[in-house]
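1. when you get a sec, could you give me coordinates for this:
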Amino acid sequence: MTKAGKATTPIVFLHIPKTAGQTIHFELARIVGEEAVSPIRVHTQAEKGAAQMPPGYSLYSGHIDWDAIDTLPPDRFVFTVLRDPLERIASFYFYLLRKAEAASPEERALPERKGMRMITGQSADDYFFGGDPAWQRFIQDHYNNLYCSYLVTQKMRGRRFVADKKDTDLVREAAASARGLDGLYGVDNLGALEQDILERTGQEITVAGRYVNAGPDAGPDAQPDLRWPKLAARLEQDQSLQRLLDFARLDQQLMIELGLASDAPV
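-> Here you go, the predicted structure:
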């Protein structure tokens, strides 16, 4: 459905960090028009208790909670994209590391830049498994089987709400939630997203094989090289490696259940 060349069917892109999201967002914003894009791109931008999906926009896209999804019109198109979980973990780590290293010492010293100090001032082992309880909540929310916790709780920082669930129950509930979305894609199959957007809006987007934030190690075809081996090499303790592998185990099982991966879980 289109109006004056713009998409009018509400599109909701549940952007999990480091899953080709910037590429997708820019293309969707192009077809709906910047004025039709919700200003809430990250859940922390919304006031406490305020809607993360304010009414009246054609595109809701970002690291946002989606527990208020039913407040949007029923013809909405809600989708997310998943990536190999170990690659997502490593890509997120190196993305934050690059940002921290590019910041000035004065910026890293600011109270609100604790994450920058944590990632530049200690080993990868201590970054993931050290720090105070508040820091560990950040790690758990952003790295520990994020696909499962986000799909089940509908919150970007929902890990604590599912921490006591049995693994089998968490994967089962996450799979059911994923199948309830209007679209579910792997980063290697974004051509299917292009087709679905065309059919729903009459507008063409180009996202397959494009990586806006591919990073400094991107290959000649603009595809990022593998990040996980580089992160694994930074870990100094065998137990740290195993614990980080566990951060991807349920998400990998989920992707197999959804037909987005075929390898045995780590």
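2. every contact and neighbour count from this point should use C-alpha atoms.
-> Will do.
3. so what touches the helix or strand containing Leu254?
-> For Leu254, the host element (DSSP states H and E) is helix 238-257. With CA atoms under 8 Å, 6 or more residues apart in numbering as the test, helix 238-257 has contacts from 82, 84-86, 89, 125, 129, 143-148, 167, 171-172, 174-175, 232, 235, 261-263, 265-266.
4. stretch 127-140 too?
-> 118-119, 157, 159, 240.
5. and with 10 Å instead?
-> Stretch 127-140 is contacted by residues 93, 114-115, 117-124, 141-144, 146, 149, 157-160, 163, 235, 240, 243-244, 247 when judged by CA atoms under 10 Å, 6 or more residues apart in numbering.
6. for Ala174, see how far away the residue lying closest to Tyr147 once chain neighbours are set aside is.
-> Distances taken as CA to CA, 6 or more residues apart in numbering put Asp251 closest to Tyr147, at 5.8 Å, once the chain neighbours are dropped. Applying CA to CA, to the nearest Å, the value for Asp251 to Ala174 is 9 Å.
7. quickly find the element holding Ser177.
-> Applying DSSP H and E as the criterion places Ser177 in helix 167-179.
8. ok, Met118 next?
-> Met118 belongs to helix 114-120, assigned by DSSP H and E.
9. so which residues of the chain form strands?
-> For the chain, the strands defined by DSSP state E cover 2-3, 6-7, 11-14, 59-62, 77-82, 183-186.
10. nearest to Arg227, of the ones you listed?
-> Arg227 lies closest to strand 77-82 among these, at 15.9 Å (CA to CA).
11. quick one: buried residues of the closest one?
-> Neighbour counts over strand 77-82 (16 or more other CA atoms under 10 Å) mark 77-82 as buried.
12. can you tell me which of those residues is nearest Glu204?
-> The closest of those, once distances to Glu204 are taken by CA to CA, is Phe77, at 15.5 Å.
13. got CSV for the strands of the chain, with distance to Ile205 too?
-> Below are the strands of the chain laid out as CSV (distance: least, CA to CA, whole Å):
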stretch, distance to Ile205
strand 2-3, 14
strand 6-7, 12
strand 11-14, 13
strand 59-62, 14
strand 77-82, 15
strand 183-186, 15
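14. how about Tyr185, what does it touch?
-> Contact analysis of Tyr185 by CA under 10 Å, 6+ apart lists 79-83, 191-193, 258-260.
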